[in-house]
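Undergrad: could you work out the structure for the sequence below:
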Amino acid sequence: MGKKAKTSRKGKKAWRANISTEDIHDFFEKSTKDALSGGNLSQAPDEALFFVDNSKDLSVKRKIEKHREKVLHMDSVLQKNPFVTAVHSSTLKKSKKKRKQIANAKDATECGPEGSVSTSGMSDLWGDKGGDNHVVKKKMKPSPIPAVEVEPPGCSYNPTNESHQEALAHAVADEMQKVYRNELGPEPVPLTVPGEAIDEEEMYFIEADEGSDDDMNPENLDDNEGGASEKRPFRTKRVTTVELNKKARRKEQLKREAEAKKVQKLSKEIDSLPDIIQEIAKEDEEKQKRHLRHVVATNEKSKSCPPRLGRHKFEPAPVQVLLTEERTGSIRKLKGCCTLIKDRYKSLEKRGLIPVKANKRR
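TA: Predicted coordinates for the structure are as follows:
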């Protein structure tokens, strides 16, 4: 076939010939599909699309009921087991009256109907009625230390001169206390002792010299003389009746003097009863004052130091105060210091919520 002759596109006939008819063909195709499938679904009413199924499906209902009858393993563990005896709490101390009441209640339950739970000797472990099953929970005392402690005004980024000097003095005093404690504290036991090693021959001569010195001691000489005197025969001196009578009279006299001293001492104590009562009253007052001082000291200590939870002792964090050269008066030029997580961790340790751990510096 030959090529189609080119027509000019300047006339109206050429414009009509070049108009596309794809959208018209698409519409006709869609309308024919809808006619074959039963109509357009977007224009169909709800009654034609949906319906209510009033028929009873017994198979589905049985499946649902069977699924509901299943018991989970966690629920089966918590259910009562007739072969397990009840465990009573041993934390509460019971009086004799309470024990008698519990015994009477047990007898009454055993005489009940056969189908009851009491006949099997079981009791509800998780029930609220039984007083024996309650466990007394210790209430934690609120810590007097606040959760967020406000630092002194001298620790601010732009403090006054007086407050800054006070905070600096406090920080310097804490550091000097640590230095003095290390210097004045007891020195640790050295692991090694300086000196020269001794040979076996020198050790032999040293042991020989020590043995000769021991033999020449005057104490050893006295011991030798005492041993020689023990070997000599000892003659007992004969005691006459006159000496025996003197000793007996002396014993009686000493006994009478001791009894007289006791009577005299007792009479003095009776005469000094008012003074003794005053001394006892003074001692009681001193004990009360000592007790008050101890209570005040423990309260003050609890405000600054946490309770001892572990083997390590709480060490407070150093005061975060700027030096005189670091003071800029602007937050933008502020030097970074301790992080927030360290501050919160120290606060938890100070309030006694977590035990203190060893300070492992990297």
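
Undergrad: from here on, contacts and neighbour counts on C-alpha atoms
TA: Will do.

Undergrad: next helix or strand past the helix or strand bottoming out on mean pLDDT in the chain?
TA: Within the chain, no helix or strand scores below helix 218-231, which has a mean of 56 by mean pLDDT, DSSP states H and E. For helix 218-231, the succeeding helix or strand toward the C-terminus, using DSSP states H and E, is helix 241-271.

Undergrad: could you point out which element follows that next one?
TA: Using DSSP H and E, the helix or strand that follows helix 241-271 in sequence is helix 273-304.

Undergrad: on the C-terminal side of that next one, identify the next helix or strand.
TA: Where DSSP H and E defines the elements, the next helix or strand beyond helix 273-304 is helix 340-350.

Undergrad: could you measure from Lys70 over to Gln177?
TA: Distance, Lys70 to Gln177, by C-alpha to C-alpha, to the nearest Å: 71 Å.

Undergrad: so those two - more neighbours on which side?
TA: Gln177 (11 against 8; other C-alpha atoms under 10 Å).

Undergrad: for the stretch 1-150 of the chain, give me the ranges with low pLDDT.
TA: Across the stretch 1-150 of the chain, the ranges flagged by pLDDT under 70 are 1-18, 56-58, 67-69, 88-138, 140.

Undergrad: next one, pLDDT for Leu254 please.
TA: Predicted confidence (pLDDT) for Leu254: 94.

Undergrad: and it, how many neighbours?
TA: Other residues near Leu254 number 11, with proximity taken as other C-alpha under 10 Å.

Undergrad: pull out the C-alpha coordinates of the helix or strand hosting Glu162 and format them as PDB.
TA: Taking DSSP H and E as the criterion, Glu162 maps to helix 161-184. Only the C-alpha atoms of helix 161-184 are listed here, as PDB (Å, rounded to 0.1, in the frame of the first residue of the first chain):
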ATOM      1  CA  ASN A 161      30.300  37.700  95.200                       C
ATOM      2  CA  GLU A 162      29.300  36.800  98.800                       C
ATOM      3  CA  SER A 163      27.300  33.700  98.000                       C
ATOM      4  CA  HIS A 164      30.000  32.500  95.500                       C
ATOM      5  CA  GLN A 165      32.800  32.900  98.200                       C
ATOM      6  CA  GLU A 166      30.700  31.000 100.700                       C
ATOM      7  CA  ALA A 167      30.100  28.100  98.300                       C
ATOM      8  CA  LEU A 168      33.800  28.100  97.400                       C
ATOM      9  CA  ALA A 169      34.800  28.000 101.100                       C
ATOM     10  CA  HIS A 170      32.500  25.100 101.700                       C
ATOM     11  CA  ALA A 171      33.900  23.200  98.700                       C
ATOM     12  CA  VAL A 172      37.500  23.900  99.800                       C
ATOM     13  CA  ALA A 173      36.700  22.800 103.400                       C
ATOM     14  CA  ASP A 174      35.300  19.500 102.100                       C
ATOM     15  CA  GLU A 175      38.400  18.800 100.000                       C
ATOM     16  CA  MET A 176      40.800  19.700 102.900                       C
ATOM     17  CA  GLN A 177      39.000  17.300 105.200                       C
ATOM     18  CA  LYS A 178      39.600  14.500 102.700                       C
ATOM     19  CA  VAL A 179      43.300  15.500 102.500                       C
ATOM     20  CA  TYR A 180      43.700  15.600 106.300                       C
ATOM     21  CA  ARG A 181      41.900  12.300 106.700                       C
ATOM     22  CA  ASN A 182      44.300  10.600 104.300                       C
ATOM     23  CA  GLU A 183      47.400  12.200 105.800                       C
ATOM     24  CA  LEU A 184      46.500  11.700 109.500                       C
END
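
Undergrad: now do the buried residues in it.
TA: Within helix 161-184, the residues scored as buried using 16 or more other C-alpha atoms under 10 Å are His164, Gln165, Ala167, Leu168.

Undergrad: quickly note the distance from the closest residue to the second one other than its chain neighbours to Thr236.
TA: Beyond its immediate neighbours in the sequence, the residue positioned closest to Gln165 (C-alpha to C-alpha, 6 or more residues apart in numbering) is Gly154, lying 7.3 Å away. Gly154 sits at a distance of 92 Å from Thr236 (criterion: C-alpha to C-alpha).

Undergrad: more neighbours, these two?
TA: Between Gly154 and Thr236, counting by other C-alpha under 10 Å, Gly154 is the more crowded of the two (20 against 6).

Undergrad: which residues does the residue nearest to Gln165 contact?
TA: Contacts for Gly154 were tallied using C-alpha atoms under 8 Å, 6 or more residues apart in numbering; they are Thr160, Glu162, Ser163, His164, Gln165, Glu166, Ala167, Leu168, Val321.
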